[in-house]
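quick one, what's the 3D model for this:
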Amino acid sequence: METVNIHQAKTNLSRLLSRVELGEEIVISNRGVPVAKLVPFCTSSNRKASLGIDRGRFVVPEDFNDPLPEDILSAFEGGEG
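You can find the predicted model right below:
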């Protein structure tokens, strides 16, 4: 959660609101004392908020798009496997 002073909040209100709309919470302080918190009005199902959140946590294997082995493909298609 980021804290900004009143001057920063007035100067960057549109930017701050865009960030809040994506789910961030921002504290506004006056001389170092928190006086308000910007929070989303309602939880949004906006997908942009989650894009990139897992960046660097996993790597897609080189063979990701290769055809499945026959036994696994058969199992997906309702075969015995």
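
now the strands for the protein?
Ranges of strands in the chain, per DSSP state E, are 2-5, 26-30, 33-38.

wait, which of these is closest to N65?
Nearest to N65 among these is strand 2-5 (39.6 Å), distances taken as C-beta to C-beta. To be clear about C-beta, it is placed using only N, CA and C from the backbone, and glycine gets the same treatment.

who does that closest one pair up with?
Under the criterion DSSP bridges, strand 2-5 sits next to strand 26-30 (parallel) in its sheet.

next one: the one residue sitting closest to the centre of the chain from G23, what distance?
The residue lying closest to the centre of the chain (C-alpha atoms, centre = their mean) is S50, at 2.7 Å. S50 sits 9 Å away from G23, taking C-beta to C-beta, to the nearest Å as the criterion.

quick one: buried residues of the longest helix anywhere in the chain?
The single longest helix within the chain, with elements called by DSSP state H, is helix 13-21. For helix 13-21, the neighbour count (16 or more other C-beta atoms under 10 Å) marks 16, 19-20 as buried.

which elements pack onto it?
strand 26-30, strand 33-38 (3 or more C-beta pairs under 8 Å, 6 or more residues apart in numbering; DSSP states H and E).

show me the shaky parts of the chain.
Within the chain, the ranges that satisfy pLDDT under 70 run 43-49, 80-81.

re the thing from before, which of the strands of the chain sits closest to N12?
Ranking the strands of the chain by proximity to N12 (C-beta to C-beta) places strand 2-5 first, at 7.4 Å.

return the closest one as CSV; C-alpha atoms alone will do.
Presented in CSV, the C-alpha positions along strand 2-5 are these (Å, rounded to 0.1, in the frame of the first residue of the first chain):
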residue,chain,number,x,y,z
GLU,A,2,1.5,3.3,-1.1
THR,A,3,1.3,6.5,0.9
VAL,A,4,1.2,9.9,-0.8
ASN,A,5,1.0,13.4,0.6
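
quick thing: my sequence starts at 2, can you match it?
In the new count, where the first residue is 2, that last one comes out as strand 3-6.

flag every buried residue along it.
The neighbour-count check on strand 3-6 (16+ other C-beta under 10 Å) flags V5 as buried.
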